[in-house]
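A.B. asks: sequence? don't have it. structure:
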């Protein structure tokens, strides 16, 4: 019996297509509104939680405020984190998008913390559309793509209902080949 010779040629990386050169389709602007509303709600709750002990002592008649002489440190730290999170939400939204190519789907997010995920259609097991109550009110869907082995699962959030249905149909059509 003859053993076949394995051929494993080298790939020139400069010949591969650049993922960033692909035109990415944006998610719905309503999703930005929803994320910014969440950001604002969290900031109000955190600020209230951080200021409430100080305000209770300040206006509750307590004379000894020495324990609260550094009350502004947690508020300042929260303000810095709020600004960074707000910038990530605002500027990162411009980068958020997806691209469907012949053999894969790519999704990218982030401004400060960037992420680009590409899932080949051959690895996709199934997909699922989901909505929470707020997403449903705004007409948004989240498309979840499950891969073989579960290591490359992908979630594209903030799709308009029509876009989500179309994208899911395209993915199902490509995975049945």
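C.D. replies: Good, I have the coordinates. Predicted, not measured: the structure shown is a model, and the values here were computed from it.
A.B. asks: where does this structure have low pLDDT?
C.D. replies: 61-69, 177 (pLDDT under 70).
A.B. asks: For the residue most central in space within it, name its beta-bridge partners.
C.D. replies: Ranked by distance to the mean C-alpha position of the chain (Cα atoms, centre = their mean), the top residue is residue 109 at 5.8 Å. Beta-bridge partners for residue 109, by DSSP bridges, are residue 115.
A.B. asks: Specify the next element, helix or strand, located C-terminal of the top helix by length along the chain.
C.D. replies: When the chain is parsed with DSSP state H, its longest helix is helix 29-59. Next helix or strand after helix 29-59 toward the C-terminus (DSSP states H and E): helix 72-95.
A.B. asks: And that following helix, what does it pack against?
C.D. replies: helix 29-59, strand 104-109 (3 or more Cβ pairs under 8 Å, 6 or more residues apart in numbering; DSSP states H and E). C-beta: built from backbone N, CA, C; applies to glycine.
A.B. asks: ok, back up a step: my read is that the residue nearest to the centre of the chain contacts residue 96, right?
C.D. replies: Yes - the criterion here is Cβ atoms under 8 Å, and residue 109 meets it with residue 96 at 4.9 Å.
A.B. asks: Need the residues that contact the stretch of helix or strand residue 174 belongs to.
C.D. replies: Taking DSSP H and E as the criterion, residue 174 maps to helix 161-175. Here helix 161-175 makes contact (Cβ atoms under 8 Å, 6 or more residues apart in numbering) with 25, 28, 98, 100, 105, 121-122, 124, 127, 129, 139-143, 145, 156, 159.
A.B. asks: Once you drop chain neighbours, what's closest to residue 147?
C.D. replies: Nearest non-adjacent residue to residue 147, counting by Cβ to Cβ, 6 or more residues apart in numbering: residue 123, 4.5 Å away.
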